[in-house]
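Model the following, please.
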Amino acid sequence: MDLEWSIRHLCINRKITTPGDVARPLSGVLVGVQSLQLTGRPRLIVPRKVPSRALSSNVALVNGGMRLFLLGLPLPLSLELANQLTYAAAVLVLVVSGVAPCRLSGGDHGRETAPGWLLRIQRKIENVRKDVSRLTSFIQAGNPRLFTRYPVKSSDEAAALLKSKKMELLALSARIRRYKDNIKRKQQNQAFRENERQFYHSLGTQEADCSDQTRPGMGALHDFWSGIWSEPFSVSRHGWIEREALAYQDVQPQEDAVITPELFQLAVGRLPHWRAAGPDSIRPFWLKKFSALHPALLRIFQRLLDSEVVPPPRFSLGATVLLPKKGDLSKPQNWRPITCLPSMNNFSHL
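Residues are numbered from 1 along each chain as shown. This next block holds a predicted model:
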């Protein structure tokens, strides 16, 4: 069963009102998720347009259904299956909320669009610019009466109307700047309340020209970082490791750590809701909200900590994004790599 087919089927028949209605569609989406590679999943959208109360209600509905679904699965749950279940449940929540969870082929579902107020003002600006262009052409042709959109009878009236249209264009442009400044001010206030250090860092970072002409090619980036990380090097010990081992030989070894439910919930609370997803396309919000999986995840991470199991290598894969620094952006060394690991990988390190 294809994942896209499962999503389209759910969008048509999304009659899920009780937790008992969740098992069948969840298993259908899960089969579609299992048919894909970890890095081949569609990127789930952030449900900004869904009211928070509706989203919380739908999360609780799917979470209750997942508790019933887990009763029929063999335990212990594997890390891979828990990851697939989280993604499938997130898809189900988005579908029940009435939004397309990702961009499907043949449509624009999930595409990020500009806010409505900006689109309305941009349409007004486009119409005013057309009027300015027509008025200018008609005035230069010496026959302003050709401009039939407005009752213009003389060149003086046409010139006055042209001036009025240019002033309207400036006013609309100023309105966009004012709205954007207001939104930026609110975002900065929120960033200051949540993380002062990151806020001051963002103030000192200037926007750089990141056009395609300034970006280095993939070959240059690969050669630059391969020269740093792929070249073998030797470490000069000079006996310092032996001295450190001798200095701490009386220190008692640490007891085996036990992850209690309280520590687990504390780690869950530290995760930012909508941190960028890694190759698994799962944001921390879904891991935090699907509490039905928390007991299974606690057992999985405890076994990982006790080295009873080894996580699959694909859970160490990351999606690397290059952020511009200062200087010539055509040089690879002026780009800072940031790697987004799978959310469950970050989850296990808290």
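
OK, contacts around Leu75?
Shown in contact with Leu75 (Cβ atoms under 8 Å, 6 or more residues apart in numbering): Ala296. C-beta here means a position set from N, CA and C on the backbone, and glycine is covered the same way.

what secondary structure does it sit in?
Put simply, Leu75 is coil when judged by DSSP: H, G, I helix; E, B strand; the rest coil.

Would you mind measuring from it to Val29?
Here the criterion is Cβ to Cβ, to the nearest Å. By it, Leu75 lies 21 Å from Val29.

in the stretch 101-250 of the chain, which segments are predicted with low confidence?
For the stretch 101-250 of the chain, residues meeting the criterion pLDDT under 70 lie at 103-113, 142-150, 197-198, 200-213, 231, 233-238.

what about the helices in this protein?
Assigned by DSSP state H, the helices in the chain fall at 3-12, 23-34, 52-71, 79-96, 116-141, 155-194, 196-204, 218-229, 240-247, 261-269, 284-289, 294-305, 343-348.

Among these, which comes closest to Ser316?
Ser316 sits nearest to helix 343-348 of all those, at 6.7 Å, using Cβ to Cβ.

Quick one: mean pLDDT for the closest one?
For helix 343-348, mean pLDDT rounds to 71.

just to revisit the earlier point, so for Phe315, which of the helices of the chain sits nearest?
That would be helix 343-348 among the helices of the chain, by Cβ to Cβ, at 5.5 Å.

At the geometric centre of the chain, which residue do we find?
Residue closest to the average C-alpha location in the chain (Cα atoms, centre = their mean): Ala276, at 4.3 Å.

That one contacts Cys340, doesn't it?
Yes. Ala276 is within contact range of Cys340, at 4.9 Å (criterion: Cβ atoms under 8 Å).

Between the two, which contacts overlap?
The contact sets of Ala276 and Cys340 overlap at Val321 (Cβ under 8 Å, 6+ apart).

what about Ala276, distance to Val321?
8 Å.

shared neighbours of those two, which are they?
Cys340.

Look up how far Phe199 lies from Thr191.
Small correction: residue 191 is Ala, not Thr. Counting by Cβ to Cβ, the gap from Ala191 to Phe199 is 4 Å.

wait, what's in contact with the spatially closest residue to Arg314 that is not a sequence neighbour?
Distances taken as Cβ to Cβ, 6 or more residues apart in numbering put Leu38 closest to Arg314, at 4.9 Å, once the chain neighbours are dropped. Shown in contact with Leu38 (Cβ under 8 Å, 6+ apart): Asn83, Pro279, Asp280, Arg314, Phe315, Leu317, Pro342.

one step back: ok, which of the helices of the chain comes nearest Lys326?
Closest to Lys326 of these, according to Cβ to Cβ: helix 196-204, at 10.3 Å.

since we're on Gly318, how many residues are nearby?
14 (other Cβ atoms under 10 Å).

check contacts around it.
Gly318 sits next to Gly278, Pro279, Thr339, Cys340, Leu341, Pro342 when contact means Cβ under 8 Å, 6+ apart.

Give me the subset of those that lies in strands.
Applying DSSP state E to the contacts of Gly318, the entries found in strands are Thr339, Cys340.

could the contacts of Gly318 go into TSV alongside distance to Asp223?
TSV is the format used below for the contacts of Gly318 (distance: Cβ to Cβ, whole Å):
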residue	distance to Asp223
Gly278	25
Pro279	24
Thr339	19
Cys340	23
Leu341	24
Pro342	28
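
Just put the contacts of Gly318 in JSON lines and tack on distance to His294 and neighbour count.
Output for those, formatted as JSON lines (distance: Cβ to Cβ, whole Å; neighbours: other Cβ atoms under 10 Å):
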{"residue": "Gly278", "distance to His294": "20", "neighbour count": "22"}
{"residue": "Pro279", "distance to His294": "23", "neighbour count": "19"}
{"residue": "Thr339", "distance to His294": "26", "neighbour count": "10"}
{"residue": "Cys340", "distance to His294": "23", "neighbour count": "17"}
{"residue": "Leu341", "distance to His294": "20", "neighbour count": "19"}
{"residue": "Pro342", "distance to His294": "17", "neighbour count": "25"}
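
domains for the protein, by residue range?
3-96, 116-204 (automatic domain parsing).

Point out the most buried one among the ones you listed.
Ranked by mean neighbour count, the domains of the chain are led by domain 3-96 with a mean of 17 (mean count of other Cβ atoms under 10 Å).
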